[in-house]
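Student: I'll drop the sequence and a predicted model, then ask my questions.
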Amino acid sequence: MTIQVRYTKWDGSLHWHFDTVALGEDENGLWVGAPDGTPVRRGDERPIRSQAFALLVPRQGWWTAVWNEASPDGTGFSFELYLDITTPPEWSGDTVTAVDLDLDVARRPDGTTLLLDEDEFDQHSSRYGYPPAVVAGARAAAAAMMPAVESRTEPFGEVGPAWLRRASALG
C-alpha cells in the first residue's frame, strides 16, 4: 500500500514530500519505507533520488523519525537517524501530513547526537507567530527525544534499523 508523506512549513508551503510503502505497525506507530532511488522533493524543487529509508510515524508525539541507509561509496546521508520535530502527524486516507517546526534531533553513525536548527526555529517562531503551545510542544519534544536517541532507547536502538532492512529489501 502506498502512503503519501507530506511535510509543510507553518505558512502552509509544501516542504519535503514523497511516496512510501507501508511496512507495518508496532507499538511505536506506523512504519513506512522506500527503496534506493525513490524520488523525494522539497517544495517545487526537482526531485532527488534517495537511498533506502524507513520512516516512523508515531501514534502520538511531536515528531517523525527516519533511518537512512548509507550508500556503498560513502556519499550518502551523514546521519543514520534523523528526527524532525513536527506538529503531531495527521492522517487523511493514505496521506500523512505534519508541519515541520525546524528543530531536528540527529544521530551520526559514530553515535554523536545533535540538536539542529535552533536558530531557524527561533526565527520562524517569530516570523510566523508560532502559538506559545506550539513553541512549548516543539521544545518539549526535542528535549525528550535527545536523551532517547542518544541512549538508543527503543525504537532508536535496534528496532529502527530492523525496519530499515525491510525498506532496503523493497528495491
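Tutor: Here it is on my side, so go on.
Student: just the strands in this protein please.
Tutor: Applying DSSP state E to the chain gives strands spanning 2-8, 14-26, 29-34, 39-42, 48-49, 53-58, 63-68, 81-86, 90-92, 95-107, 113-116.
Student: so how far is the fifth one off the chain centroid?
Tutor: Yep, that's strand 48-49 we're talking about. 16 Å (C-alpha atoms, centre = their mean, to the nearest Å).
Student: so what are the sheet partners of that strand and their directions?
Tutor: Strand 48-49 pairs in its sheet with strand 39-42 (antiparallel), by DSSP bridges.
Student: buried residues, the partner strand. List them.
Tutor: For strand 39-42, burial by neighbour count (16 or more other C-beta atoms under 10 Å) applies to Val40. (C-beta placed from N, C-alpha, C; glycine too.)
Student: what does that strand rub up against?
Tutor: Residues outside strand 39-42 that contact it (C-beta atoms under 8 Å, 6 or more residues apart in numbering) are 15-18, 34, 47-50.
Student: could you work out the most separated pair of these?
Tutor: With C-beta to C-beta as the measure, no two of the contacts of strand 39-42 lie farther apart than His15 and Arg49, at 18.3 Å.
Student: what about the two, which has more around it?
Tutor: More crowded of His15 and Arg49, by other C-beta atoms under 10 Å: His15, with 17 against 9.
Student: what sits closest to the more buried one if chain neighbours are left out?
Tutor: Spatially, and ignoring its direct neighbours in sequence, His15 is nearest to Tyr7 (4.2 Å; C-beta to C-beta, 6 or more residues apart in numbering).
Student: show me what Gln4 is bridged to.
Tutor: Here Gln4 sits in beta bridges with Asp19, Thr95, going by DSSP bridges.
Student: what's the burial count for it?
Tutor: If you count neighbours by other C-beta under 10 Å, Gln4 ends up with 15.
Student: ditto for Ala167
Tutor: 27.
Student: elements contacting the longest helix along the chain?
Tutor: Longest helix in the chain by number of residues, with DSSP state H as the criterion: helix 132-150. On a contact count with 3 or more C-beta pairs under 8 Å, 6 or more residues apart in numbering; DSSP states H and E, helix 132-150 meets strand 81-86, strand 95-107, strand 113-116.
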